[in-house]
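Asker: show me the folded form of this:
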Amino acid sequence: MALFGGKKEKKAVKTESAPVGLEVVHGVLKDPRITEKAAVVTEKGAYVFNVYPEATKANIKRAVRALYKVSPVKVNVVNTRPKAASSRMRRMKPGQKGGGRKAYVYLKKGETIELM
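Answerer: All right, here's what the predicted structure looks like:
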């Protein structure tokens, strides 16, 4: 290594990480969305997941591939607005039901995910 103007040598630093696949899933998928509408869409070959707001389509695709060992063909992401929640008691102020983000994941024909 030279004192002035020379290139510095890079040392390889070995870091311990989580088991393969877990770092891909962390911060992307929350859980599968189990509703009547999701059940209808599942029959057509798509699966619905609740995802974090920062998740991108590419991250979702990688996370599903790592967690469920299937190959997604397409991912659609939908932001859901919070809805006003009414109260049965007049004195209580109405609140909000939480919004969020959900992802529709389409798989290759013949592939399935066992959610329950």
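Asker: how near is the spatially most central residue of the chain to residue 107?
Answerer: Central residue of the chain (Cα atoms, centre = their mean): residue 29, 2.9 Å from the mean position. Going from residue 29 to residue 107 by Cβ to Cβ, to the nearest Å gives 15 Å. All C-beta spots, glycine's among them, are computed from the backbone N, C-alpha and C.
Asker: all helices for this structure, in order.
Answerer: Under the criterion DSSP state H, helices of the chain are mapped to 22-25, 36-43, 57-68.
Asker: pull out the CA atoms of stretch 36-50 and give them to me as CSV.
Answerer: Only the C-alpha atoms of stretch 36-50 are listed here, as CSV (Å, rounded to 0.1, in the frame of the first residue of the first chain):
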residue,chain,number,x,y,z
GLU,A,36,-64.1,-14.6,0.7
LYS,A,37,-62.8,-12.5,-2.2
ALA,A,38,-59.3,-14.0,-1.8
ALA,A,39,-60.8,-17.5,-1.9
VAL,A,40,-62.6,-16.7,-5.2
VAL,A,41,-59.4,-15.3,-6.7
THR,A,42,-57.4,-18.4,-5.5
GLU,A,43,-59.6,-20.6,-7.7
LYS,A,44,-58.4,-18.6,-10.7
GLY,A,45,-54.7,-19.1,-9.9
ALA,A,46,-53.9,-16.0,-7.8
TYR,A,47,-53.0,-15.7,-4.2
VAL,A,48,-53.5,-12.6,-2.0
PHE,A,49,-51.0,-11.5,0.7
ASN,A,50,-50.9,-8.6,3.1
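Asker: in that stretch, which residues are buried?
Answerer: 38, 41, 42, 46, 47, 48, 49, 50 (16 or more other Cβ atoms under 10 Å).
Asker: repeat for stretch 68-86
Answerer: Within stretch 68-86, the residues that qualify as buried are 68, 72, 75, counting by 16+ other Cβ under 10 Å.
Asker: ditto for stretch 50-70
Answerer: 50-51, 55, 59-68.
Asker: quick one: least confident helix or strand in the chain?
Answerer: The weakest-scoring helix or strand in the chain, judged by mean pLDDT, DSSP states H and E, is helix 22-25 (a mean of 66).
Asker: pull the distance from stretch 109-116 to the chain's centre.
Answerer: Its chain's average C-alpha position is 17 Å from that of stretch 109-116, according to Cα atoms, centre = their mean, to the nearest Å.
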